[in-house]
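> Sharing a model prediction with you, sequence too.
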Amino acid sequence: MSDKNAKLLSVLKLQPVVPVLIIDDVKTAVPLARALVAGGLKAIEITLRTPAALEAIRAVANEVEGAVAGAGTILNAAQFEAAVEAGSQFIVSPGTTQELIDAASDSDIPLLPGAATASEVMGLREEGYEVLKFFPAEQAGGAAYLKSLSSPLASTLFCPTGGISLANARDYLSLPNVVCVGGSWVAPKDLVARGDWAGIEKLAAEAAALKG
Ligand code: 3PG
């Protein structure tokens, strides 16, 4: 396995669930990340879907001890570079483009690229990627679909994301080709809005205790 694949794997193996965050108010980023880390979820994906996202990544990377800040919903090279500059230690994309692959190959920071079909997985394998995001997991066929890729594409590992919750996470985590899952359920909007960090820590702890 290449160094970059190994680096990515070591981040994803920190925990069974990577929280996927949409941060509207940058002031919530640090207490939210602290609650997630306290619950046992260290690697945290902050999506570039809001104007606050880059500042949130910077704040978590600089201020939250134990957190491994990552960036999600990276769609192009400019976003890749901005996310790395803000302190991201891993980058996640919903799909893959040549532009992103080129940006990632110029960087030491690993990319978890999205794939949803056997052909996409094979294309990424040709580019040297051994750890992929399966997205959108539930909608694309769920755990049964991913299981059916495990024999023909045996050496590829996945972090499925999209439609996953405490109720179905084990279906994925029990598969031999799944390292972890991603999900937003550990940081519900209403709990974040009212600053219920204890509630979020509890959800994180439940997620951190999941096993395959
Ligand atoms: C997303 O698209 O926001 C992520 O994949 C997370 O999906 P989820 O909100 O269904 O967990």
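That came through fine. Numbers count the residues shown, from 1 in each chain.
> Mind jotting down where the helices sit in this structure?
Taking DSSP state H, the helices of the chain run over residues 3-12, 29-39, 53-63, 77-85, 98-105, 118-126, 137-140, 142-149, 169-173, 189-193, 197-208.
> Show me the one of the ones you listed that comes nearest the ligand.
With Cβ to the nearest ligand atom as the criterion, the ligand lies closest to helix 137-140 of those, at 7.4 Å. Glycine gets a C-beta too; all of them are placed from N, C-alpha and C.
> CA atoms of that closest one as CSV?
Below are the C-alpha coordinates for helix 137-140, written out as CSV (Å, rounded to 0.1, in the frame of the first residue of the first chain):
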residue,chain,number,x,y,z
ALA,A,137,-24.4,4.5,0.0
GLU,A,138,-28.0,3.7,0.8
GLN,A,139,-29.4,5.2,-2.4
ALA,A,140,-26.8,3.5,-4.6
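> For stretch 155-171, which residues meet the burial criterion?
Judged by neighbour count (16 or more other Cβ atoms under 10 Å), stretch 155-171 contains these buried residues: 156-164, 168-169, 171.
> Correction: the previous question concerned stretch 111-119.
111-116.
> List just the nearest of those to residue 21.
Distance ranking of these against residue 21, using Cβ to Cβ, places residue 112 first at 15.3 Å.
> From what I see, that closest one and residue 130 are in contact.
No: with contacts counted by Cβ atoms under 8 Å, residue 112 stays clear of residue 130, the gap being 10.9 Å.
> Can you add pLDDT and distance to the ligand and give the buried residues of stretch 111-119 back as TSV?
As requested, the buried residues of stretch 111-119 are exported to TSV (pLDDT from 0 to 100; distance: Cβ to the nearest ligand atom, whole Å):
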residue	pLDDT	distance to the ligand
111	98	16
112	98	12
113	98	14
114	98	9
115	98	13
116	97	12
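> Thanks a lot, see you next time.
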